[in-house]
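[1] Attaching a predicted model along with its sequence, questions to come.
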Amino acid sequence: MPPEIVAEMIEGFEGYDLAAAFRNAGVPIRAINGDLWPTRTDVNRTVTPDFDAVVMTAAGHYPMLERPAEFNRLLVEMVAEIESRASGRGR
């Protein structure tokens, strides 16, 4: 992306309360992250208890671009697990 677009996007995050957005989402929060940076599941659960994440090893910030087939498989599994829980079939 052109740097000026990225700069405007970052400036748009100023004042945005991500924790409040998580708390008020009213749905399970899920993430599929690479292991380039640690995912603090424990910390995220202090904001929203129904947070969970799958960490793809040897993946960076854009695992969906790096390994799309694996990412899509994990995404389908996450959605199926949420649907199963919502219908009472899951844990």
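    Structure's in. What do you need? Residues are numbered from 1 along each chain as shown.

[2] Looks to me like Ala31 is in a helix.
    No - Ala31 is assigned strand when assessed by DSSP: H, G, I helix; E, B strand; the rest coil, not a helix.

[3] wouldn't it be in contact with Ala53 here?
    Yes - Ala31 lies in contact with Ala53 (CB atoms under 8 Å); the separation is 4.1 Å. Where you see a C-beta, it was placed from the backbone N, CA and C, and this is true even at glycine.

[4] any chance you could map the strands in this protein?
    Assigned by DSSP state E, the strands in the chain fall at 29-34, 51-56.

[5] elements contacting the last one?
    When you say that, I think you mean strand 51-56. Packing contacts for strand 51-56, counted by 3 or more CB pairs under 8 Å, 6 or more residues apart in numbering; DSSP states H and E, involve strand 29-34, helix 41-47, helix 68-86.

[6] Any idea which of these gets closest to Glu8?
    strand 29-34 (24.8 Å; CB to CB).

[7] What residues sit buried inside that closest one?
    29-30, 32-34 (16 or more other CB atoms under 10 Å).

[8] of those, closest to Ala86?
    Once CB to CB is applied, the member of the buried residues of strand 29-34 that ends up nearest Ala86 is Arg30, at 13.1 Å.

[9] Identify the residues contacting that closest one.
    51-54, 78, 82 (CB atoms under 8 Å, 6 or more residues apart in numbering).

[10] again, but for Ile82
    Going by CB under 8 Å, 6+ apart, Ile82 touches 28, 30.

[11] Repeat the analysis, applying 7 Å as the threshold.
    Pro28 (CB atoms under 7 Å, 6 or more residues apart in numbering).

[12] Can you give me the distance of it to Phe51?
    Between Ile82 and Phe51 the computed distance is 12 Å (CB to CB, to the nearest Å).

[13] Same check on Asn33?
    12 Å.

[14] one step back: what do Ala31 and Ala53 both touch?
    Joint contacts of Ala31 and Ala53 (CB under 7 Å, 6+ apart) are Thr39.

[15] Asp35 contacts Gly60, correct?
    No - counting by CB atoms under 7 Å, Asp35 stays clear of Gly60, with 8.6 Å between them.
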